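Q: What shape does this take:
(one chain, ligands or ions: 1)
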Amino acid sequence: MLLLGESLNVMSTKIGAAFKARDPKPIQEEVLMQKEKGMDYIDINLGPAKKDGIELMPWVVEVVQEVVDDIPLILDTSNIDAIEAALKVCKLPAMVNSIMCRPERYEKMVPLAAEYNADFIALMWGPDGLPRDENERAALCVELLYFANEAGIPNEKIWVDGVVTPVNIQQPQAIALMEFQGMIQDIAPGAKSTCGLSNISNGVPDHLRPIINRTYMVMLQKYGMQSVISDPLDDKLTAIARGQRQDIVDAVYNTMDGNQPDMDSLDKELQDYVKTVNVILGKTLFSDSWLEL
Ligand code: THG
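A: As a prediction, this is how the structure comes out:
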């Protein structure tokens, strides 16, 4: 599982202030931390950046590259001009995050990715917003990848993102995304995949977010997920992604397969993973106290 560090992010108080003040230090400390934590990519998330993105995005890229020039960057903003300005200064092949399944967006952005030889994240967000189920996701995926292939971008450079939504308000969508994940290699052979993992626990109390994120990552991995945009500071998540916690993977997979392990034979940590699988599958109703049940 490849890890795409999420925390060079305008929503973070520290980083948001550094972007605004054009202060390199917090940005460089952040990316050095992400490098030390072993992130495979660094997501530079500016949000919409409507006003100053065209100047801010390349500035951030250069500030990052002054201290870390061996990790590829992901350009995360809806401002297309800002992405183009940043592509011009990226030293390593970059990734465009993201191209939506909306003609007025992809007709502009796919040629841009092609011109700069960039990978891109194909976001399954259509003209009507979030797809209702796995079949709507599949239809959007076929439309966008066909357009990209016609423009000369092979599936191997496209990272399909089926869109993760918060489990506490949209539980059936957590299953729809897994189902879609399982369809990707049939509808787009060779395509890669990714997702904004932390979205799954948006709105959940902070101390309960990591267990949901980790559990869902393992569940998605069972359906072929190749990478996640994740919190670099969650060392346990990183250890699981690096294949160092087979016990957790086994407990999650067994529960998904309907062979729920005997709870008394598991320690508290593994019990929590089993309970969390059942919440994500909708077998237990979501509440902030599911681990106490
Ligand atoms: N798909 C793609 N790109 C994406 C997303 C996606 N980029 C943005 C987002 N979703 C993924 N990145 C984040 C980054 C931070 C958080 C969630 C997703 C997050 N942060 C904490 C919070 O807001 O509480 C902490 C913020 C802080 O540091 O203060 O939850 O789905 N392609």
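Q: Below-threshold pLDDT in the protein: ranges please.
A: Within the chain, no range satisfies pLDDT under 70.
Q: tell me which parts of it are close to the ligand?
A: 6-7, 9, 11-13, 45, 76, 97-98, 121, 123, 161, 164, 195-196, 198-199, 229 (C-beta under 6 Å from any ligand atom). Every C-beta, even on glycine, is put in place using the N, C-alpha and C of the backbone.
Q: Please repeat the previous calculation with a cut-off of 8 Å.
A: Residues of the chain found near the ligand (C-beta under 8 Å from any ligand atom) are 6-7, 9, 11-15, 43, 45, 76, 97-98, 121, 123, 159, 161, 163-164, 194-199, 201-202, 206, 209, 229, 231.
Q: Which residue ranges of the protein form strands?
A: For the chain, the strands defined by DSSP state E occupy 2-9, 41-47, 73-77, 95-100, 119-123, 158-161, 192-193, 227-230.
Q: Including distance to Leu112 and mean neighbour count, could those go into a markdown table?
A: Converted to a markdown table, those look like this (distance: least, C-beta to C-beta, whole Å; neighbours: other C-beta atoms under 10 Å):
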| stretch | distance to Leu112 | mean neighbour count |
| --- | --- | --- |
| strand 2-9 | 20 | 23 |
| strand 41-47 | 16 | 23 |
| strand 73-77 | 10 | 26 |
| strand 95-100 | 7 | 24 |
| strand 119-123 | 9 | 25 |
| strand 158-161 | 14 | 26 |
| strand 192-193 | 19 | 22 |
| strand 227-230 | 21 | 24 |
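Q: Take these and write them to TSV, including distance to Gln34.
A: Shown next, in TSV, are the strands of the chain (distance: least, C-beta to C-beta, whole Å):
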stretch	distance to Gln34
strand 2-9	4
strand 41-47	5
strand 73-77	11
strand 95-100	15
strand 119-123	18
strand 158-161	19
strand 192-193	20
strand 227-230	11
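Q: out of those, nearest to Val110?
A: strand 95-100 (6.5 Å; C-beta to C-beta).
Q: ok now that closest one, how far from the chain's centre?
A: Computed by C-alpha atoms, centre = their mean, to the nearest Å, the chain-centroid distance of strand 95-100 equals 11 Å.
Q: same question, stretch 50-59
A: 22 Å.
Q: List the buried residues in that stretch.
A: Going by neighbour count (16 or more other C-beta atoms under 10 Å), the buried part of stretch 50-59 is 53-54, 56-59.
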